[in-house]
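[1] let me see the structure of the following:
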Amino acid sequence: RRTKETQVTVEVCLDGTGVCENQSGVPFLDHMLDQLGSHGLFDLRVQAQGDLWIDDHHTVEDVALALGQALSEALGDRSGIHRFGEFSAPLDEALTHVVLDLSGRPHLSCDLEIPSERIGTFDTQMVEHFFQSLANTSGMTLHIRGLAGRNSHHIVEATFKAFARALRRASEHDPRRGGAVASSKGVLTQK
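    Numbers count the residues shown, from 1 in each chain. Predicted structure coming up:
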């Protein structure tokens, strides 16, 4: 993804081993992308240059948009996958539940209470915006519920871990499907 504000390259392998090489220029975002790779067992490489002298917004948004597009391309016509995934992840006092559907229909419902405005230099408003951008370009229906938590870092990290595990389940091969698309319509794409 190239704009006047950012240049972003994303490579993702859904059948990976969790190898991550992320250099977005936003340290906390890189930490969260590492959670996606590690807990989803996706190989993930993100390279980004953005207008960070303004703030993190454009870079975080464009990384999410590019990641969603890369996920959609990696999923292809979405045949033979489980399609649905859910996971609850704790991190100390924090607990987040994520449910997703690789339906081809983008939607985000996010109910997270993050007590602080920043984690280091990272604007916590960008958490929901990251997932909205990713859902839009991946064609994913995504529900995120914060069930417990007081520490902002723990809440956000539990969210990324739960998302990674839910996405891992949804994108994995379903041997009982026999390669068919998990839809009575026979289609799970945005096209």
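[2] buried set for stretch 180-188?
    Residues of stretch 180-188 classed as buried: 181-182, 188 (neighbour count, 16 or more other Cβ atoms under 10 Å). C-betas here are computed from N, CA, C, even on glycine.
[3] is it possible to get the residues you listed out as CSV so that each row also shows secondary structure?
    Output for these, formatted as CSV (DSSP: H, G, I helix; E, B strand; the rest coil):
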residue, secondary structure
Val181, strand
Ala182, coil
Leu188, coil
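[4] reformat these as a markdown table; add distance to Ser72 and pLDDT.
    A markdown table is the format used below for the buried residues of stretch 180-188 (distance: Cβ to Cβ, whole Å; pLDDT from 0 to 100):
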| residue | distance to Ser72 | pLDDT |
| --- | --- | --- |
| Val181 | 15 | 76 |
| Ala182 | 16 | 73 |
| Leu188 | 11 | 70 |
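[5] between the residues you listed, which is closest to Glu93?
    Closest approach to Glu93 among the buried residues of stretch 180-188 (Cβ to Cβ): Ala182, at 35.8 Å.
[6] what residues does that closest one make contact with?
    Ala182 sits next to 78, 81-84, 174, 188 when contact means Cβ atoms under 8 Å, 6 or more residues apart in numbering.
[7] make it 10 Å
    By Cβ atoms under 10 Å, 6 or more residues apart in numbering, the contact list for Ala182 reads 78-84, 101-103, 170, 174, 188.
[8] among those, which lie within helices?
    Ala170 (DSSP state H).
[9] now the helices for this protein?
    27-40, 57-75, 125-138, 152-171.
[10] for the last one, buried residues please.
    Just to be clear, that refers to helix 152-171. 152-171.
[11] ok, stretch 76-84 next?
    Going by 16+ other Cβ under 10 Å, stretch 76-84 has these buried residues: 78-84.
[12] mind checking which of those residues are in strands?
    Of the buried residues of stretch 76-84, the ones assigned to strands by DSSP state E are Phe84.
[13] quick one: which two of the buried residues of stretch 76-84 are the most distant?
    Largest separation among those by Cβ to Cβ: Ser79 and Phe84, giving 14.9 Å.
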